[in-house]
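Enquirer: Provide a 3D model corresponding to the input given below.
(one chain, ligands or ions: 1)
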Amino acid sequence: MTKRSWAEPFKIKMVEPLHMTTRADREKTIAEAGYNTFLLKSRDVYIDLLTDSGTSAMSDRQWAGMFLGDEAYAGSENFYRLEETVREVYGYKHLIPTHQGRGAEHLLSKLCIKPGDTIPGNMYFTTTRAHQELAGGRFVDVIIDEAHDPQSEHPFKGNVDLGKLSTLIESVGAKSIPYFTMHATVNMAGGQPISMANARQVAGLCRKHGIKIFLDATRAVENCYFIRQREPAYADKSLADILRELCSYTDGCTMSGKKDCLVNIGGFLAVNDDDLADGARNMVVLYEGLHTYGGLAGRDMEAMAIGIRESIELDHMHARIGQVEYLGHLLQKAEIPAVRPIGGHGVFLDAARFLPHIPREEFPAQALAAALYVDSGVRAMERGAVSAGRDTQTGKNRFPKLELVRLTIPRRVYTQAHMDVTAESVCELYANRHRIAGLRFTHEPRHLRFFQARFEPVQGDRIIRDER
Ligand code: F0G
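Expert: As a prediction, this is how the structure comes out:
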């Protein structure tokens, strides 16, 4: 059969010009930004692959929906539309809107966690764990070992190791586990999915012990696309049906609407339990806003309601994941060290193997992200030791097994030509990798340090040294 390519199921109606810079400009800019891509100004960036969070292009329907914003303080029409959509698409009973995902994580952590509690999950996420720790809890990772191995081809590296979870329940006791955090897909493992079979087993085990499960549904539809592709029983099911089944194994979710839901801002907490919902409605007024807007404008809730319906269309998801795979395959062909299989929301470069001459203490992923920016103006994000922060007990740096640079693809924003340019830059850096220098902190913030930390090269004053 001849090859039949896919193409985006949309055409472009409005364009935003990109700002081009020279290498000399970028060397200066990255030094001013303390070698932290979070501290770059967006106008100095050419292709922005920092994150897929809040960076999606909204559809014309979503923009039209923005004009239907009912900006009443209480009881906005858009809240009820969003509530109905979440009930129908995700299947949870109560909706509490929040300004973004971490707002929902804050509410859930504060409501459910007591000091000394243990919260297991399939790998940590930065904001999720930070809120669990601030509430006095301790996060314990029970993901399968394959998730920590960038080269493992396991199709569901987001799976939970049921043995690890059982052992943990036995050792700390179910009473000190307020809930299990289920991530789908697992961001820090490289956008890797959890299988439906595994989610069902986790639910069986947790229910047996009376432990609740909360889904981090931020990229759950992307996870469902992988289930459809890789789990034979789901090959003919709709994404909507797969999503409903996945959510049915959980008691609620926290959501950053800035990813799957195709909006620039927004999130929610959704739960089935009436008392918990009552507690969350009480608390949301303190931290976010009234329970019918939670820090969002009416128009934001409308755009999210429309985005949720667009997110479960198969053609959309096919093109979304297809574009990430396109970039991933270009890099695989060039034998660039990267996490396998290719993830849902980005391609994750394996900085530890890319830059073996830089010790972990000199943050190879941070250095690689800075060097990529200097080479081409492509902005990526460190996902390694800087993101992992320090152990709250010992104060020592955490060194997770994965030391990654995430090339995160915003939804419906860039073309395949942008992916080509990105891949060419990564290949060029790989050919000259010995010239990239390690980094050390010059400023280290206390919370979520990766956002605002500053660095300097350990030798010389350039991140990419001249050929000796
Ligand atoms: N959970 C996951 C899995 C996330 O990826 C994020 C955000 C959040 C929760 C928090 O949501 O940003 O709306 O408060 N991830 C962004 C990223 C920041 O770039 O991966 P938020």
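Enquirer: list the contacts of the closest residue to Val386 other than its chain neighbours.
Expert: If the residues on either side of it in the chain are set aside, Val386 comes closest to Phe450, at 4.7 Å by CB to CB, 6 or more residues apart in numbering. In this view, the C-beta of every residue, glycine as well, is placed from N, C-alpha and C. Phe450 is in contact with Asn36, Phe38, Thr126, Glu382, Val386, Ser387, Gly389, counting by CB atoms under 8 Å, 6 or more residues apart in numbering.
Enquirer: a helix runs through Phe450, doesn't it?
Expert: Yes - assessed by DSSP: H, G, I helix; E, B strand; the rest coil, Phe450 belongs to a helix.
Enquirer: got the buried residues for the helix or strand hosting Asp241?
Expert: Using DSSP states H and E, Asp241 maps to helix 239-248. Judged by neighbour count (16 or more other CB atoms under 10 Å), helix 239-248 contains these buried residues: Leu239, Ala240, Ile242, Leu243, Arg244, Glu245, Leu246, Cys247.
Enquirer: out of those residues, which is nearest to Arg320?
Expert: Nearest to Arg320 among these is Leu239, at 11.3 Å by CB to CB.
Enquirer: ok, the closest one to Leu314 distance?
Expert: 6 Å (CB to CB, to the nearest Å).
Enquirer: same question, Ala270
Expert: As judged by CB to CB, Ala270 and Leu314 stand 23 Å apart.
Enquirer: neighbour count winner among the two?
Expert: Comparing Ala270 with Leu314 by other CB atoms under 10 Å, the one with more neighbours is Ala270, at 28 against 13.
Enquirer: Three-state assignment for that one, please.
Expert: Here Ala270 takes the strand state, with states given by three-state DSSP.
Enquirer: partner residues bridging it?
Expert: Note on Ala270: beta-bridge partners Leu95, Cys253, judged by DSSP bridges.
Enquirer: got the residues of the chain near the ligand?
Expert: Residues of the chain lying close to the ligand (CB under 6 Å from any ligand atom) are 51, 53, 100-102, 125, 127-128, 183, 187, 216, 218, 256, 258, 267.
Enquirer: mind doing that once more with 8 Å?
Expert: For the chain, the contact set with the ligand under CB under 8 Å from any ligand atom comprises 50-54, 100-103, 105, 125-128, 183, 185-187, 216, 218-219, 254, 256-259, 267, 345, 381, 406, 408.
Enquirer: thinking again about what came up before, show me which pair in the buried residues of helix 239-248 is furthest apart.
Expert: Leu239 and Cys247 (12.3 Å).
Enquirer: residues contacting the residue nearest to Thr51 when sequence neighbours are not counted?
Expert: Excluding the flanking residues, the one nearest Thr51 by CB to CB, 6+ apart is Thr408, at 5.0 Å. Residues near Thr408 by CB under 8 Å, 6+ apart: Leu49, Leu50, Thr51, Asp52, Ser53, His345, Gly346, Ala380, Met381.
Enquirer: find the closest residue to the ligand in this protein.
Expert: Nearest residue of the chain to the ligand (CB to the nearest ligand atom) works out as Gly101 at 2.5 Å.
Enquirer: tell me, how many residues neighbour the nearest residue to that residue once chain neighbours are set aside?
Expert: By the measure of CB to CB, 6+ apart, the closest residue to Gly101 outside its immediate chain neighbours is Ser256, 2.7 Å from it. Residues lying near Ser256 (other CB under 10 Å) number 27.
Enquirer: Ser256 and Leu269 touch, don't they?
Expert: No - under the criterion of CB atoms under 8 Å, Ser256 lies out of contact with Leu269, with a separation of 11.1 Å.
Enquirer: joint contacts of those two?
Expert: Ala104.
Enquirer: I'd say Val271 and Lys93 touch.
Expert: Yes - between Val271 and Lys93 there is a contact under CB under 8 Å: 7.2 Å.
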